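**Student:** coords below, sequence missing:
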């Protein structure tokens, strides 16, 4: 409100807002000396009459009532008597938030296989698939059959007692292995690293791969066994892979020996032409 108001008008406003101000008319015993107040000079009462301002008595009453109502709301807000007067705004309905449906990827099937690896001689390396479980699987019967195959392709073993090593996949949850991927691609990398570090895979002239797991995880895990059977190019131009049935299958189904012979026979021509 602009301008100055006299004390009587201020008292009217305070009374309309329900605020009572009073002062003692005499000095109370043991009271502190009164504090000086700077009061505003009062103007003549005639200037604040409704007739002098050009307003009727009803209009003046309505103006005072409106001012008092506004003042009361402001005073109550300042004193914390009531909550703030908030204006309602037009609010648009908020569409519900739809959570994305997260579908878990199906677990990757882990291949399980066991490979028997032995160095037949200086130029030939044999990798044969055996059942994943069981003990003493590479028996003397397996060794005798393997010796006959090596002699048939003119790569006889250096000795009848051929020492061998086993590679079992998956590697198991040991240490950090449980955090590593054990899919077919990782299996192929592990097999090739094992053969390279332990048996010098790259320097072997002939690598005989007996069984599906031996062929797929040495050459290419994404190709089928039927596609890999026979004579395959090795890691370099002077190396050959021979892929055929496993020793267990040849012993259980002797009819497969004719197919195995067709798979390994081309290597004889290659070795003869090289010599």
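**Tutor:** Received the coordinates, thanks. As the structure is a computational prediction, the values presented were derived from the model and not from experiment.

**Student:** ok, and what's touching stretch 212-230?
**Tutor:** If you take Cβ atoms under 8 Å, 6 or more residues apart in numbering as the criterion, stretch 212-230 is touched by 111, 113, 115, 127-129, 169, 184-185, 187-188, 191-192, 195, 207, 209, 232, 241-244, 246, 262-263, 266. C-betas here are computed from N, CA, C, even on glycine.

**Student:** Show me which of those residues are buried.
**Tutor:** Using 16 or more other Cβ atoms under 10 Å as the burial test, the contacts of stretch 212-230 include 111, 113, 115, 127-129, 169, 184, 187-188, 191-192, 195, 207, 209, 232, 241-244, 246, 263 as buried.

**Student:** quick one, helices of the stretch 151-275 of the chain?
**Tutor:** Secondary structure of the stretch 151-275 of the chain (DSSP state H, counting those that start in this stretch): helices at 184-199, 212-218, 225-228, 247-252, 257-264, 266-274.

**Student:** Could you dump these into CSV with mean pLDDT and distance to residue 5 added?
**Tutor:** Output for the helices of the stretch 151-275 of the chain, formatted as CSV (pLDDT from 0 to 100; distance: least, Cβ to Cβ, whole Å):
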stretch, mean pLDDT, distance to residue 5
helix 184-199, 93, 89
helix 212-218, 96, 99
helix 225-228, 95, 104
helix 247-252, 93, 112
helix 257-264, 94, 115
helix 266-274, 84, 118
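
**Student:** Any idea which of those helices gets closest to residue 17?
**Tutor:** helix 184-199 (82.0 Å; Cβ to Cβ).

**Student:** now this protein, which segments are flagged as low pLDDT?
**Tutor:** Applying pLDDT under 70 to the chain flags residues 1-4, 20-25, 34-92, 102-108, 135-136, 172-179, 275.

**Student:** what do you get if the cut-off is 50, keeping everything else the same?
**Tutor:** In the predicted model of the chain, residues 1-2, 48, 50, 52-53, 64, 72, 75, 78-79, 81, 85 satisfy pLDDT under 50.

**Student:** Which stretches in it count as strands?
**Tutor:** 113-119, 124-130, 165-169, 206-210, 230-233, 240-244 (DSSP state E).

**Student:** Residue 158 is nearest to which of these?
**Tutor:** Per Cβ to Cβ, nearest to residue 158 of the strands of the chain: strand 113-119, 8.3 Å.

**Student:** Thought residue 250 was touching residue 256, still the case?
**Tutor:** Yes - the criterion here is Cβ atoms under 8 Å, and residue 256 meets it with residue 250 at 5.6 Å.

**Student:** Look at those two and report which has more neighbours.
**Tutor:** residue 250 (21 against 16; other Cβ atoms under 10 Å).

**Student:** Residue 13 and residue 7: what is the separation?
**Tutor:** Here the criterion is Cβ to Cβ, to the nearest Å. By it, residue 13 lies 11 Å from residue 7.

**Student:** Then residue 197?
**Tutor:** Distance of residue 197 to residue 7, given as Cβ to Cβ: 104 Å.

**Student:** For the nearest residue to residue 157 once chain neighbours are set aside, grab the count of nearby residues.
**Tutor:** Of all residues not flanking residue 157 in the chain, residue 120 sits nearest, at 4.6 Å (Cβ to Cβ, 6 or more residues apart in numbering). Per other Cβ under 10 Å, the neighbour tally for residue 120 reads 21.

**Student:** Next: residue 158.
**Tutor:** Residues near residue 158, counting by other Cβ under 10 Å: 11.

**Student:** Also residue 5?
**Tutor:** 15.

**Student:** For residue 201, give me its contacts.
**Tutor:** So residue 201 contacts 125, 192, 195, 207, 235 (Cβ under 8 Å, 6+ apart).

**Student:** Now render the residues you listed as JSON lines, adding distance to residue 161.
**Tutor:** Formatted as JSON lines, the contacts of residue 201 follow (distance: Cβ to Cβ, whole Å):
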{"residue": "125", "distance to residue 161": "17"}
{"residue": "192", "distance to residue 161": "27"}
{"residue": "195", "distance to residue 161": "22"}
{"residue": "207", "distance to residue 161": "21"}
{"residue": "235", "distance to residue 161": "29"}
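
**Student:** Just name the most buried of the helices of the stretch 151-275 of the chain.
**Tutor:** Counting by mean count of other Cβ atoms under 10 Å, helix 212-218 has the highest mean neighbour count of the helices of the stretch 151-275 of the chain, with a mean of 25.
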